[in-house]
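1. sequence and predicted structure below; questions after.
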Amino acid sequence: MKNYNFNPESLMMTYGYKPELSEGAIKCPIFQTSTFVFKTAEEGKAFFELAYGLREKSPKEELGLIYSRINNPNLEILENRLCLWDKADDCAVFESGMSAISTVLLEFLKPGDLLVYSNPLYGGTDHFIHHFLDKIGVHTIGVMPDDSVAKIEAMIIASGKADQLSMIYLETPANPTNDIVDIEKFSELAAKYSTPDKKALVAVDNTYMGPLWQHPLQSGADLVLYSATKYIGGHSDLIAGAVLGASALMQRVKTLRTFLGNMVSPHTAWLLLRSLETLKVRMDQQTLNAQMIADYLANHPKVEKVYYLGLLQKGTETYKTYKKQCSAPGAMVSFDIIGGENEAFTFLNSLKLMKLAVSLGSTESLAEHPKTMTHAGVDDVQRKEMNITDQLVRLSIGVEYAKDLIWDLEQALEKVEVTATIEVETI
C-alpha cells in the first residue's frame with residue numbers, strides 16, 4: 001500500500017507519542033519532573049553539546065532529555081503536533097503569548113535596528129514596542145492597514161534607517177478591528193531590504209485566525225506567533241504562547257527561551273495536547289456561529305458598522321487579500337454600536353449568555369470594550385486613528401447554539417436607547 005498522508009486533525013491524538021515508552025498509556029502522561037537521568041556520562045555530554053550548540057547534530061540524532069527548562073516529553077510532543085498545522089520546521093511553546101512575542105523581538109532586534117509594525121496591535125504588544133523597545137534604542141515605524149507598500153517604503157527610506165531594517169511585525173487580522181494586510185507583499189518588501197549578511201524577517205501574530213484559518217509561513221512569513229491561550233488552548237483554563245518557523249531561526253528562539261526560562265510547564269503542555277484533539281471541530285463551529293452573528297448584526301438598526309472578514313465587499317483589495325490568505329472568516333466579530341460608551345456599556349451589562357470578559361478563542365462566547373479594556377494602554381490619538389472608539393464592542397464567538405447567541409444579542413440591544421439611526425456599514 002502506498003504511503004498515506006493523514007490530515008493534521010487526524011494526527012492530533014497520536015503524533016509524536018509512543019505508548020510503549022509510557023507503560024502503554026493511550027494518552028501521554030504528565031511528565032512532572034525537573035530533571036532526567038542519563039544512561040552514561042558520555043550520553044550526558046553529547047546531550048549538552050547539542051543543547052548549547054557546541055557541535056552540529058549528526059544525521060538522525062535527536063536532542064535527549066536533560067532538564068525541563070530545556071526540554072520535556074510533554075513540551076516536545078506538543079511542539080511536534082503544532083508544527084503539523086503550519087507545516088513548520090520547528091516550534092517553541094512559551095508560558096504566555098506575551099513571552100513568545102517579547103522573546104522573538106528581543107532575539108532578533110538590537111539597539112539601532114529598525115522595526116516596522118502594523119496597526120492595530122494587541123495592547124500588550126503595542127505597549128512592549130512603545131515602552132520597552134524604545135528604551136533600548138530600537139527604532140520603530142507604525143503603519144496603518146490602508147497604507148500602500150509604496151508609502152511604507154517611502155517611510156522606511158525617510159527614516160534614514162533602511163539599511164538597519166531587521167523585522168516587519170504584522171498582526172493580521174488585527175485585534176480588535178479585523179483589519180487585514182497582505183503578508184506576501186510585506187515579505188517581498190522585507191526581501192528587498194535583506195542582504196546576504198542580514199535578512200529582514202517577517203513575523204506574523206496569527207492569534208486571531210488560529211492555526212486553522214491562515215498559514216502565514218506559506219505566504220512568505222519567517223515566523224508565526226500565537227497566544228496559545230486562545231484557540232489552541234480553547235477552554236479559558238491556561239495561559240501559553242507559541243512561535244513557529246524554520247529550524248535555524250527556531251534554534252535561536254529556543255536558545256533564548258532556555259536562558260529566559262519562559263517555557264511552558266509540563267502540565268500546561270499536557271492541557272494543550274488535550275485541546276489540540278478538538279481544535280478543528282471547535283474552530284469549525286465557531287466560525288459558522290460567527291458568520292450567522294455577523295449577518296444578524298449587519299442588519300440591526302442599532303448597529304452602525306460591523307467589522308468581520310465575512311462581510312468584506314467582493315472586488316476590493318482587502319477582499320482579495322482575505323481570499324488569498326484565509327480559508328475562513330474567523331470567529332471574531334467587532335461592531336460599532338450607535339452612540340458611545342454609555343450605549344456600549346448598557347449592551348455589555350445586559351448580556352446573559354455571553355460573558356463580559358477579555359481573551360478570545362474559547363468555547364464560551366465573550367464580549368468586551370476594547371477602548372477601556374484590552375487597548376486601554378494604547379495612546380488615545382492612535383486609538384482614534386485605528387477606529388478603536390467608545391462605540392466599538394468586540395465579540396469572541398464560541399461553540400454555543402447560534403440561535404441562543406443571537407437571542408442574547410437581541411435582548412441586550414433592546415436595552416440600548418438611541419436617539420437616531422443611521423445606515424449600517426460593513427467592511
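-> Now that the structure is in, tell me what you want to look at.
2. tell me which stretches of the stretch 251-400 of the chain form helices.
-> Per DSSP state H, counting those that start in this stretch, the stretch 251-400 of the chain carries helices over the ranges 266-276, 279-298, 317-325, 341-350, 380-385.
3. just the C-alphas of the third one, formatted as CSV.
-> Coordinates of each C-alpha in helix 317-325 appear next as CSV, following Å, rounded to 0.1, in the frame of the first residue of the first chain:
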residue,chain,number,x,y,z
GLU,A,317,-8.2,44.8,-2.4
THR,A,318,-8.9,43.7,1.2
TYR,A,319,-11.3,41.0,0.0
LYS,A,320,-8.7,39.7,-2.5
THR,A,321,-6.2,39.6,0.3
TYR,A,322,-8.6,37.8,2.6
LYS,A,323,-9.4,35.2,-0.1
LYS,A,324,-5.7,34.7,-0.8
GLN,A,325,-4.6,34.2,2.8
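4. and the helices of the stretch 251-400 of the chain: which comes nearest Asp197?
-> For these, proximity to Asp197 was assessed by Cβ to Cβ; helix 317-325 is nearest, at 30.4 Å. The C-beta positions use only the backbone N, C-alpha and C, and glycine is treated the same way.
5. which strands and helices sit next to that closest one?
-> Judged by 3 or more Cβ pairs under 8 Å, 6 or more residues apart in numbering; DSSP states H and E, helix 317-325 is in contact with helix 183-192.
6. what angle do the helix it packs on and helix 317-325 make?
-> Orientation check (axes from the mean of the first three to the mean of the last three Cα atoms, to 10 degrees): helix 183-192 against helix 317-325 gives 90 degrees.
7. and Glu414, which of the helices of the stretch 251-400 of the chain is closest to it?
-> Ranking the helices of the stretch 251-400 of the chain by proximity to Glu414 (Cβ to Cβ) places helix 341-350 first, at 8.1 Å.
8. output the contacting helices and strands for that closest one.
-> Right, helix 341-350 is packed against strand 332-337, strand 392-396, helix 402-414 by 3+ Cβ pairs under 8 Å, 6+ apart.
9. Val219 - nearest residue in space that isn't next to it in sequence?
-> Slight slip there: residue 219 is Ser, not Val. Ile183 (4.0 Å; Cβ to Cβ, 6 or more residues apart in numbering).
10. just to revisit the earlier point, now the helices and strands packed on helix 341-350 in TSV, with distance to Phe6 and mean pLDDT?
-> Formatted as TSV, the helices and strands packed on helix 341-350 follow (distance: least, Cβ to Cβ, whole Å; pLDDT from 0 to 100):
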stretch	distance to Phe6	mean pLDDT
strand 332-337	29	98
strand 392-396	30	98
helix 402-414	30	98
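11. which of these sits closest to Arg274?
-> Nearest of the helices and strands packed on helix 341-350 (Cβ to Cβ): strand 392-396, 20.4 Å.
12. for the closest one, which strands pair with it and how are they oriented?
-> strand 332-337 (antiparallel), strand 366-368 (antiparallel) (DSSP bridges).
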